[in-house]
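**Student:** next comes the sequence, and after it the predicted model I'd like to discuss.
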Amino acid sequence: MELTVPKVYYLRPPGDRTGQPDKVGFKVKVDGVSRPGGEQTAPEGPRARLTIDARGADKVVRLEWRKVPYCTGDTAGVTCSMGPGPNFGPVSVTDEVTPIAAEGSKAGDTGLIHYRLTTADGTVRTASTRVVVGEPVLELWHRENVTAAPGGRVTFPLTIRNTGEVAVQGVGFGIDARAMAPRQRYRNCRYMGFYKGRVAVCRFPDLRVGPGETVTFTPALEFDAPAKQVSSMVRESVWPLVTGPRPDDGWPTQGDMGHGDELTPHDVSRSPAGQGTFSGAHVAWTNVRLGMGMGADFAAIGATVRGKLGTEQRISIGARNNGPGELGPGTVLRMVFTVPLGSLVVKQPMRAIDDDVYEPLCEHAFDTQQRDTYTCELAATPEGETHTLDFTLSLNEPGTGLVQLTGSPSDNRPANDTAHVTIAP
């Protein structure tokens with residue numbers, strides 16, 4: 001069995017529920033055990049016991065706990081029983097026990113919570129968490145939108161501040177700019193080879209940022225803007241090293257150190273120049289758009305069918321990127337195919353969802369004139385490339401349908417976003 005606890009946990013001062021947005025909760029986990037859910041009793045058989053003990057720190061912290069049959073205790077200590085179960089776990093006691101600041105405590109007060117895990121065979125494991133009343137609230141200066149020349153330099157000033165009640169010792173920072181190449185790899189940051197230096201996680205273990213203090217780092221982070229991708233998102237995060245980033249933010253823990261300049265912190269009294277704001281969210285996003293009229297002109301591709309009525313004909317419809325820009329890997333367009341009145345789709349695009357199992361690629365519906373419509377996703381192809389889908393129509397009457405494209409915010413020629421599908425026997 002394994003016991004995992006936080007090294008440090010920050011408590012809001014008594015009666016104060018503000019603080020760090022999206023804060024990671026109190027996480028205590030035990031691997032290799034099982035636990036009943038709801039209000040059931042503890043499982044039968046040899047049991048492990050976990051004791052959470054705040055005695056000795058009662059002026060700083062007390063325990064709130066949910067009264068369930070498998071836990072006993074009071075505001076100073078709680079013991080929960082857990083059954084054997086090597087195929088279960090981890091079991092979290094987060095729902096049962098939560099530390100909160102004791103009445104009369106004040107920002108900066110500290111104490112220790114001790115844990116004792118006793119397994120069914122008598123093995124004992126111990127751990128502890130340092131609790132601190134008050135918390136550092138780190139905010140990151142960022143811009144929501146940046147305009148850059150194709151292939152030009154994009155600068156990201158790195159400035160943080162602490163709006164919390166207590167100081168932070170040790171700061172971590174991450175930046176993910178996957179559409180842009182870094183101009184250098186800084187020596188106090190790690191870079192995973194898979195991302196080619198475009199994702200960096202930096203550590204500043206000796207940096208102390210007190211309440212109300214602002215710190216900027218030099219040199220500023222610099223990247224080369226994409227040559228063709230008209231819009232790309234950059235995400236940034238900052239966190240206390242002792243707590244780490246939110247696990248679901250996905251910041252890499254591995255990678256090689258850079259060999260460029262060292263990012264050096266400096267105390268400052270004002271924010272960077274330019275239009276930007278401080279964000280306390282766990283991720284701050286910036287949209288980098290290419291200027292100089294750069295857009296991605298996607299043109300709809302229709303079809304003209306000259307087959308005999310009463311026959312079936314296959315058509316290929318879709319979109320072509322006339323450039324000069326691109327939307328980037330993984331992006332999609334939305335195509336709506338309105339079937340000509342008097343024709344019927346007898347075969348449509350399919351996608352595999354399992355071995356030898358398929359489902360329609362497009363969503364079928366009816367428009368206000370009761371015409372069949374098929375809404376499909378198309379890959380936003382690079383400049384000069386085309387993505388089409390095949391439909392087979394049963395031709396019963398002459399008629400005209402439509403292919404309509406949406407989903408390219410940088411399209412500077414909307415007139416060609418619609419094309420016709422004409423049945424002309």
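**Tutor:** Noted; the coordinates are in hand.

**Student:** strand partners (parallel or antiparallel) of the helix or strand encompassing Gly172?
**Tutor:** According to DSSP states H and E, Gly172 maps onto strand 168-176. Using DSSP bridges, the strands paired with strand 168-176 are strand 199-209 (antiparallel), strand 231-240 (antiparallel).

**Student:** can I get the ones you listed in TSV including mean neighbour count, distance to Gln348 and mean pLDDT?
**Tutor:** All C-beta atoms are positioned from the backbone trio N, CA, C, and that covers glycine. Below are these laid out as TSV (neighbours: other Cβ atoms under 10 Å; distance: least, Cβ to Cβ, whole Å; pLDDT from 0 to 100):
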stretch	mean neighbour count	distance to Gln348	mean pLDDT
strand 199-209	18	39	96
strand 231-240	21	31	95
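
**Student:** possible to save the ones you listed as TSV with distance to Ala225?
**Tutor:** Putting the strands paired with strand 168-176 into TSV (distance: least, Cβ to Cβ, whole Å) gives the following:
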stretch	distance to Ala225
strand 199-209	17
strand 231-240	8
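
**Student:** to Thr253, which of the ones you listed lies closest?
**Tutor:** strand 199-209 (7.7 Å; Cβ to Cβ).

**Student:** next helix or strand past that closest one?
**Tutor:** strand 214-224.

**Student:** go through that following strand and flag the buried ones.
**Tutor:** Across strand 214-224, burial judged by 16 or more other Cβ atoms under 10 Å covers Thr214, Val215, Thr216, Phe217, Pro219, Leu221, Phe223, Asp224.

**Student:** and stretch 274-287, how far apart are its ends?
**Tutor:** 15 Å (Cα to Cα, to the nearest Å).

**Student:** pLDDT averaged over that stretch - what is it?
**Tutor:** For stretch 274-287, mean pLDDT is 92.

**Student:** for stretch 31-43, same thing?
**Tutor:** Averaging pLDDT along stretch 31-43 gives 52.

**Student:** ditto for stretch 249-268
**Tutor:** 92.

**Student:** send the alpha carbons of it over as CSV?
**Tutor:** Taking Å, rounded to 0.1, in the frame of the first residue of the first chain, the C-alpha atoms of stretch 249-268 are listed here in CSV:
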residue,chain,number,x,y,z
ASP,A,249,-3.1,21.0,-17.2
GLY,A,250,-0.7,18.5,-18.6
TRP,A,251,2.6,20.3,-18.1
PRO,A,252,5.5,17.9,-18.9
THR,A,253,7.7,16.7,-16.0
GLN,A,254,10.6,15.5,-18.3
GLY,A,255,12.8,17.1,-20.8
ASP,A,256,16.3,18.5,-21.3
MET,A,257,17.6,21.8,-19.9
GLY,A,258,18.1,24.6,-22.4
HIS,A,259,21.5,26.1,-23.2
GLY,A,260,20.6,29.7,-23.8
ASP,A,261,20.3,32.7,-21.5
GLU,A,262,19.1,32.3,-17.9
LEU,A,263,15.7,33.8,-17.1
THR,A,264,16.5,36.2,-14.2
PRO,A,265,13.8,37.6,-11.9
HIS,A,266,13.7,41.3,-10.9
ASP,A,267,11.5,43.1,-8.4
VAL,A,268,9.4,45.7,-10.2
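
**Student:** contacts for that stretch?
**Tutor:** Stretch 249-268 has contacts (Cβ atoms under 8 Å, 6 or more residues apart in numbering) with 158-159, 174, 184-193, 195, 197, 199-202, 204, 207, 213-219, 237, 245, 282-283.

**Student:** change it to 6 Å
**Tutor:** 174, 184-192, 201, 207, 214-219, 237, 245 (Cβ atoms under 6 Å, 6 or more residues apart in numbering).

**Student:** repeat for stretch 113-120
**Tutor:** In contact with stretch 113-120 (Cβ under 6 Å, 6+ apart) are residues 1, 3, 5, 46, 48-54, 84, 124-129, 131.

**Student:** do stretch 147-166 as well
**Tutor:** When contacts are defined by Cβ under 6 Å, 6+ apart, stretch 147-166 is touched by residues 107-108, 134-141, 209, 211, 213-217, 220-223, 225, 227, 238, 272, 288-292, 294.
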